[in-house]
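Asker: the following block contains a protein sequence and its predicted model.
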Amino acid sequence: MDFFSYQNEHLYAEQCSVADLANTYGTPLYVYSRATIERHWQAFDKAAGERPHLICYAVKANSNLAVLNLMARMGSGFDIVSGGELARVIQAGGDPSKVVFSGVGKTEQEIANALEHGIYCFNVESEPELDRISKVAQHLGKSAPISLRINPDIDAGTHPYISTGLKENKFGIAIERAAEAYAYAASLPGLNVVGLDCHIGSQLTEISPFVEAIDKLLALIDLLAEQGIVIEHLDVGGGLGVNYDQETPPEPADYARALAERLGNRQIKLLFEPGRAIMANAGILVSKVEFLKISESKNFAIVDAAMNDLIRPSLYSAWQRIVPVIKRPELSSRSYDVVGPICETGDFLGKDRELAIQADDYIAVRSSGAYGFTMSSNYNSRCRAAEVMVDGEQAHLVRKREELVSLWAGEALLPEG
Ligand SMILES: Cc1ncc(COP(=O)(O)O)c(C=O)c1O
Ligand SMILES: N[C@@H](CCCC[NH3+])C(=O)O
């Protein structure tokens, strides 16, 4: 459930007219709904129930400071994958002691910084990374809490680029080698083994791959207990899908219930790392129609947002709903490829979309709150979009539109001659 809806043919974000927002702040414009973000986060928190748990919002989905700050106010933890994300969390008022640090390539500096800030846990993805964390922790005279990210070899049934739990993926440690890797971790100085982690992919629309994974991980936890290694928390990662088109992903409550059934009365703390499930449908990307290019073979709606603003359609052939910001019943609809101005054939936001629009109208790409702005770039020297967060009748600019000078900030000319 989200708080974007039509009132008298006008699209609203909560009580704000999206056309008014576009007129005020310009386009392309990301618009987020505070009420939707809070509702989705709380759905997870509630779903986890009485069992000790921590929701570690996956910062990569949307790392705007205002978004992170809302999470922090609700008591959220955070899943980070870089020193930059940790800095953002801290800048936004997040609590480092509720941070888990994932990712396959943590640098010594990132590890040291995370240790100095006293993060909750490192999700370690390989033996060489164990060596590195051990070395840095000893150097700092600290003990690093660690989980191993175990790859359970499960087909999450999702797009190959966003599936992470198969043997051939770069992530985690193969489950067959898990016991050995844990024994190694336990033998290293400066490490404190506390957890078990997995993340099998993103945009999962079925419960069964999660359940399959948890069954394998619980068997591993029992095996580790026999070796004297006690696992205090199980981090089940993110990955819960959302409705972009016809998908009917499980609700957080159904997902959590399925996990709880498998866990029975085990006393283990659960960590969740949702990103998309909280943010995707809490945001839209608003764009203006520049030109309609009509021909016998194909119609194009050329809009002012492009693959640099929202890369998911180009990168994954992802389908996101495109709707008019003001419906025009007086116009007849046509089928359009909705494309941006970038010089790439792959620069499209949607193909074969039936729309009743004319030049200068606004359109909105729905479900753009996750992996939208965070994956945007300056390709074709385009300034990145502004971001607005609505809260009831109020709108707050939470990121100014990028200015031209920032496009070459940090660049330098060669000396003359
Ligand atoms: C380790 C890790 N945790 C959490 C997430 C968040 O995933 P999602 O947005 O699918 O919930 C990701 C991204 O897929 C990830 O790589
Ligand atoms: N960025 C991807 C998902 C990958 C998640 C990162 N582990 C998307 O837009 O769907």
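Answerer: Arrived safely, thanks for sending. Ligands and ions are numbered 1, 2, ... in the order given.
Asker: for the longest helix along the chain, name the packing helices and strands.
Answerer: Scanning the chain for the helix with the most residues, using DSSP state H, yields helix 208-226. Helix 208-226 sits against helix 178-187, strand 191-197, strand 233-235, helix 252-263, with contacts defined as 3 or more Cβ pairs under 8 Å, 6 or more residues apart in numbering; DSSP states H and E. Every residue, glycine included, has its C-beta placed from N, CA and C.
Asker: secondary structure element for residue 12?
Answerer: Assessed by DSSP states H and E, residue 12 sits inside strand 10-13.
Asker: no wait, residue 344
Answerer: Residue 344 belongs to no helix or strand, assigned by DSSP H and E.
Asker: touching, it and residue 308? I think so.
Answerer: No - using Cβ atoms under 8 Å, residue 344 is not in contact with residue 308; the gap is 9.7 Å.
Asker: interface residues of the stretch 1-150 of the chain facing ligand 1?
Answerer: 58, 61, 79, 102 (Cβ under 6 Å from any ligand atom).
Asker: near ligand 2, which residues of the chain show up?
Answerer: So far as Cβ under 6 Å from any ligand atom goes, the chain lies against ligand 2 at 60, 162, 202-203, 312, 371.
Asker: name the nearest of those residues relative to ligand 1.
Answerer: residue 202 (3.2 Å; Cβ to the nearest ligand atom).
Asker: count the neighbours of that closest one for me.
Answerer: 25 (other Cβ atoms under 10 Å).
Asker: can you tell me the centre-most residue of the chain?
Answerer: By Cα atoms, centre = their mean, the mean C-alpha position of the chain lies nearest to residue 61, the distance being 2.1 Å.
Asker: ok, so what distance separates it from residue 394?
Answerer: 24 Å (Cβ to Cβ, to the nearest Å).
Asker: with residue 359 instead?
Answerer: Residue 359 is 31 Å from residue 394, by Cβ to Cβ.
Asker: return the residues in contact with whatever residue of the stretch 251-400 of the chain ends up closest to ligand 2.
Answerer: Nearest to ligand 2 in the stretch 251-400 of the chain, going by Cβ to the nearest ligand atom, is residue 371, at a distance of 3.1 Å. Taking Cβ atoms under 8 Å, 6 or more residues apart in numbering, we find residue 371 in contact with 60-62, 275-276, 280, 312.
Asker: top of those by neighbour count?
Answerer: Going by other Cβ under 10 Å, residue 62 tops those with 29 neighbours.
Asker: that one against residue 373, yeah?
Answerer: Yes - under the criterion of Cβ under 8 Å, residue 62 makes contact with residue 373 at 6.6 Å.
Asker: low-confidence ranges in the chain?
Answerer: 158-169 (pLDDT under 70).
Asker: quick one, helices of it?
Answerer: With DSSP H as the definition, the chain shows helices at residue ranges 18-25, 34-48, 65-74, 83-91, 108-116, 127-140, 178-187, 208-226, 252-263, 276-279, 312-316, 404-407.
Asker: residue 344 and residue 308 - which one has more neighbours?
Answerer: residue 308 (24 against 14).
Asker: look up phi and psi at that one.
Answerer: phi -70, psi -20 (degrees, to the nearest 10).
Asker: can you tell me the closest non-neighbouring residue to it?
Answerer: Leaving aside its chain neighbours, residue 308 sits nearest to residue 379 (4.3 Å; criterion: Cβ to Cβ, 6 or more residues apart in numbering).
Asker: and that neighbour, how many neighbours?
Answerer: Neighbour tally, residue 379, other Cβ under 10 Å: 15.
Asker: for residue 181, same thing?
Answerer: 18.
Asker: count of residues packed around residue 305?
Answerer: Using other Cβ under 10 Å, residue 305 has 28 neighbouring residues.
Asker: now residue 191
Answerer: Residues contacting residue 191 under the criterion other Cβ under 10 Å number 22.
Asker: the longest helix of the chain near ligand 1 at all?
Answerer: No - remark: helix 208-226 sits outside contact range of ligand 1, by Cβ under 6 Å from any ligand atom, the gap being at least 11.5 Å.
Asker: now that helix: buried residues?
Answerer: 209-214, 216-218, 220, 224 (16 or more other Cβ atoms under 10 Å).
Asker: ok, which pair from those residues is furthest apart?
Answerer: The most widely separated members of the buried residues of helix 208-226 are 209 and 224, with 22.5 Å between them, by Cβ to Cβ.
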